[in-house]
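**Q** below is the sequence, then the predicted model.
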Amino acid sequence: MESGRSYATAVSQDLVTRPTSRIKLRPHCISFRTATLLNREGIWDLLDKIKFSTTKLQGISERKGNLLEATCKTRTDVLELQEKLLKVECVYAVHLFVTDKTTVAIGWTPIPLENDRLTRYLEENYGKVHAIKRRKDKRGMDTGLRIVVMAKDVLKENPIPSYISVDGYQLYVKYNGQKETCKYCNETGHKIASCPRREADFPAPTSHSKVGDNQQPQVENVCHSKTISKEVLVDSLEDQNVTDQKLPANAAPDKDLLQSRNKPKKRDRTSPSSNQPRPKTVSLSKKQYAVTCKVCKRDGLVLDDTTTFFCLSCKETQIVMKPCCGDSEDRWLELSTAKISKCACCAEDLLRLPCCKEFIPECKQPDALFDCPQ
């Protein structure tokens, strides 16, 4: 290697001078993807499923991932294979290397909207539809995206705008070579944010300040270092009027007065009194109790009148329990499906009544009957 020449430079120069050959036109080739990775036996099963004869194929190559490339013997065979692959739900991203058709993606489509209705609308307004199918996810659920195959010549003569309306539903359209249109006026060259027709239909509100008979217009106070004196500046700040007095050459305005004028006024803070409105939230003024979640063991706080507690960590709704003996300030949580609990103060068993769902102390009675306190 020559001195002073790096390895990257040498490689790049060799690549430039190296002769390259590339297949530019592949009219008999088609590529497609499958929902799952297929082996050779799976590929033959797919061809048998769509009833496409292997005698029309030169071969199928496996590319990276689930991408497959098939080469047919004639142009008619590859067009037939494309038409059959578009009807298979587990096959998507079907593309011809040299094609006279375009795949049109239509989104925001309602699930109940039938393909026949969408096909009829497109053929009435733009041109013939060769194929249409619903795009589904890995679990087989409809995603609301429709894939339509139309001829390039048809779309060139009658281009579909970026937004169409079918049965009162607004849908968006996207395909290769499409000129994006405005969502408001369907014109090219701009978007809805800068649409001139929308600005004309909905002009921006303009505020014009009107001066009444008894009002005087405000005069903006402009301080010049050699034109306004200190006294004149004070008068202008109080009365909003500037006099014609002039400042001597050796005088200067008061800087502290100018700074106090520009500072915002502070609101006077007064102590709360009985005639002031109460705050919107009273949780800080009430007593709080510490509790622990029964599922994730995270700590939380509840108020005295709180009956249920929702844990944001485990997404469980639990019951706030109170002691059955005395006025103890202990609180604990119990699952909403629990039928028995234990008092945190006296360790007495608490049973849940089926009528009112309240927990009461267990009664030591021979007949095991409980009277609902409510």
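**A** Thanks, I have the structure now.
**Q** what about the stretch 1-150 of the chain, any weak spots by pLDDT?
**A** The model of the stretch 1-150 of the chain has pLDDT under 70 over residues 1-24.
**Q** now the strands for it?
**A** Assigned by DSSP state E, counting those that start in this stretch, the stretch 1-150 of the chain shows strands spanning 29-34, 57-62, 67-72, 91-96, 101-107, 129-136, 142-151.
**Q** okay, those in TSV with mean neighbour count and distance to residue 196 next?
**A** Bear in mind the C-beta positions are built from the backbone N, C-alpha and C, glycine included. Below are those laid out as TSV (neighbours: other Cβ atoms under 10 Å; distance: least, Cβ to Cβ, whole Å):
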stretch	mean neighbour count	distance to residue 196
strand 29-34	19	43
strand 57-62	13	52
strand 67-72	18	45
strand 91-96	17	38
strand 101-107	18	27
strand 129-136	17	34
strand 142-151	17	31
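**Q** those into JSON lines, with extra columns for distance to residue 314?
**A** What follows is the strands of the stretch 1-150 of the chain, written out as JSON lines (distance: least, Cβ to Cβ, whole Å):
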{"stretch": "strand 29-34", "distance to residue 314": "40"}
{"stretch": "strand 57-62", "distance to residue 314": "46"}
{"stretch": "strand 67-72", "distance to residue 314": "42"}
{"stretch": "strand 91-96", "distance to residue 314": "39"}
{"stretch": "strand 101-107", "distance to residue 314": "37"}
{"stretch": "strand 129-136", "distance to residue 314": "33"}
{"stretch": "strand 142-151", "distance to residue 314": "31"}
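**Q** what's the closest of the ones you listed to residue 172?
**A** Set against residue 172 and scored by Cβ to Cβ, those come closest in strand 101-107, at 5.0 Å.
**Q** who touches that closest one?
**A** Residues outside strand 101-107 that contact it (Cβ atoms under 8 Å, 6 or more residues apart in numbering) are 94-95, 118, 130, 144-152, 155, 160, 164, 171-177.
**Q** at 6 Å what do you get?
**A** Here strand 101-107 makes contact (Cβ atoms under 6 Å, 6 or more residues apart in numbering) with 145-146, 148-152, 155, 171-175.
**Q** re the thing from before, residue 353: which of the strands of the stretch 1-150 of the chain is closest?
**A** Comparing these by Cβ to Cβ, strand 142-151 comes nearest, at 47.6 Å.
**Q** list the contacts of residue 43.
**A** residue 60.
**Q** just give me the closest of the contacts of strand 101-107 to residue 360.
**A** residue 145 (57.6 Å).
**Q** tell me the bridge partners for the closest one.
**A** Assessed by DSSP bridges, residue 145 has beta-bridge partners residue 135.
**Q** touching, residue 97 and residue 30? I think so.
**A** No. Residue 97 is not in contact with residue 30 according to Cβ atoms under 6 Å; the separation is 7.0 Å.
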